[in-house]
Every structure is written in structure tokens, then in C-alpha cells.
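[1] A predicted structure for the sequence below; I have some questions about it.
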Amino acid sequence: AQSVTQPDIHITVSEGASLELRCNYSYGATPYLFWYVQSPGQGLQLLLKYFSGDTLVQGIKGFEAEFKRSQSSFNLRKPSVHWSDAAEYFCAVGALNTGNQFYFGTGTSLTVIP
Amino acid sequence: GAVVSQHPSRVICKSGTSVKIECRSLDFQATTMFWYRQFPKQSLMLMATSNEGSKATYEQGVEKDKFLINHASLTLSTLTVTSAHPEDSSFYICSAQNQETQYFGPGTRLLVL
């Protein structure tokens, strides 16, 4: 069965520090992988996606993610966090074999301290 | 590109009334749209998949007679919460599919008194 795990419920980093948010998935075929960000009371904004090809993908706002098939992971990274990055981050797997239903992780809440 | 709007952004209604939420893809056509519900501090729960010109597919446990979905055009899907009760109060988010990617609306906060 398809599933997505985000092991870290909450992460706190200092502004300017590097960030890595973890995502592990379980899927029977090559997955389509996504990271979204959600600010309080808002919808989800697409940060980046991976379908195929280069396993290191660049997204908006200076984020990048690396697909590692051997580890079933798609971790999100940013070299220097800004206060405005404080938000909820969701990893998702797109399952084309079920009408492109998305399976979401439980989310990681990011707090940025000055 | 790939902008999705939702209207209204928030609504307060009395128990027993019905509320309609619109989801529009503004710059692309979406054969498939999705409706989610999100509880505070939780992830998204898929309610139903809406396909243009056909009946929606509801997830297990979601009452199709209570949450009516209509996808009459390639840019508009509507969710109607019928006979709303306080337990229906929640944050409802739609998404529209563009190729393999879902693009999300800003959400609708529903409060039923």
C-alpha cells in the first residue's frame, strides 16, 4: 500500500541555518513525488516535484530535494532558512494507478527563531 | 500559471442550512479536481475525486448525499455541504490536476453555528 512518512512533526531552526525535512514513501512503482508548503489558514503551494531524470530537483524559494530510490526518500533541503519559511510542509506521493490520488505525509511544522 | 481559486474564503452559516463552495482553475483546464478536508494541525483528508462530466468518486466514510459535488465544466467544481451541522465545521481545500500535478486552492473555512 502507498504511504508517506514524515518522521519529524516539528522542527525548530535558527534563521540562516540549513534545513532538511525528511520524507519516506512506500509505493509499488516509480513514484511521482512532491513537496508543498502551507502557511496558516492558506492552501498548499507547490515547492517542487520529481517525476524522473536528475534525482536532485530545484524548487522555488531556494528549496531543493533529492530522490533516493534505495532509501525510498525524498528529503527537502534549504541551505539558509529565512524567517518567512516558517510554515507547515507536506510531502506527497502521486499514484497514477489510482487516478492520480495523492498520499500525503502528516506534515512537518517549521519554526524559525531569530 | 496553474492558479486555483476558491470562493468563499470563509463562511459562517446556521445549522441546517446548505453551503456551496466553488473551486476554479483560472489558467488551465482540469478534467479532474479533488476535494479535501483538513482538521487543525493535521494533514489533508481526501473526500472525493471530481471528474468533469461524470459522477464524483467519494472516499470511504464520506457521505455523498451530504457533500454534493458537481464538476460541470473543465474549470469549475463545486462542493455543497447540505444540512450543515457544527461537526462539519472545518477547512475545505480543493485542488485541480494539471498533467500529473495537483494545484491547490487557498481553502475555505466553514463555521457552522
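    Looks like it arrived, so ask away. Predicted, not measured: the structure shown is a model, and the values here were computed from it.
[2] quick check, the top strand by length along chain A touching chain B?
    Counting by DSSP state E, the longest strand found in chain A is strand A:87-95. Yes: Strand A:87-95 is in contact with chain B by CB under 8 Å from any CB of the partner chain, via A:90, A:94. Any C-beta I mention is one placed from the backbone N, CA and C, and that applies to glycine too.
[3] neighbouring contacts of that strand?
    Applying CB atoms under 8 Å, 6 or more residues apart in numbering or on different chains, the contact partners of strand A:87-95 are A:2, A:4, A:6, A:21, A:23, A:25, A:27, A:31-40, A:44, A:47, A:74, A:76, A:100-105, A:107-110, B:43-44, B:100-102.
[4] from these, list just the buried residues.
    A:2, A:4, A:6, A:21, A:23, A:25, A:27, A:31-38, A:44, A:47, A:74, A:76, A:100-105, A:107-108, A:110, B:43-44, B:101-102 (16 or more other CB atoms under 10 Å in any protein chain shown).
[5] before we move on, the earlier item: partners of the longest strand of chain A, with directions?
    strand A:32-38 (antiparallel), strand A:101-104 (antiparallel), strand A:108-113 (antiparallel) (DSSP bridges).
[6] and the strand or helix carrying residue A:57, what does it pack against?
    Here residue A:57, judged by DSSP states H and E, is contained in strand A:56-58. Here strand A:56-58 touches strand A:44-50, strand A:64-68, going by 3 or more CB pairs under 8 Å, 6 or more residues apart in numbering or on different chains; DSSP states H and E.
[7] and of these, who's closest to chain B?
    strand A:44-50 (4.1 Å; CB to the nearest CB).
[8] so the closest one, near chain B or not?
    Yes: counting by CB under 8 Å from any CB, chain B has neighbours in strand A:44-50: A:44-46, A:49.
[9] residues touching that strand, excluding its own?
    By CB under 8 Å, 6+ apart, strand A:44-50 touches A:32-38, A:57-61, A:63-65, A:67, A:74, A:76, A:89-90, B:2, B:44, B:93, B:95, B:101, B:103-104.
[10] residue A:36 and residue B:104 touch, don't they?
    Yes: Residue A:36 lies in contact with residue B:104 (CB atoms under 8 Å); the separation is 7.2 Å.
[11] re earlier: could you check the angle strand A:44-50 makes with the longest strand of chain A?
    Strand A:87-95 and strand A:44-50 are oriented at 50 degrees to each other (axes from the mean of the first three to the mean of the last three CA atoms, to 10 degrees).
[12] using PDB, write out every CA atom in strand A:87-95.
    Extracted in PDB, the C-alpha atoms of strand A:87-95 (Å, rounded to 0.1, in the frame of the first residue of the first chain):
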ATOM      1  CA  ALA A  87       5.100  27.100   7.800                       C
ATOM      2  CA  GLU A  88       3.800  23.500   7.500                       C
ATOM      3  CA  TYR A  89       5.500  21.300   5.000                       C
ATOM      4  CA  PHE A  90       3.800  18.300   3.300                       C
ATOM      5  CA  CYS A  91       5.400  15.600   1.300                       C
ATOM      6  CA  ALA A  92       3.200  13.800  -1.200                       C
ATOM      7  CA  VAL A  93       3.300  10.800  -3.500                       C
ATOM      8  CA  GLY A  94       1.200  10.800  -6.600                       C
ATOM      9  CA  ALA A  95      -0.300   7.400  -7.600                       C
END
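[13] good, wrapping up.
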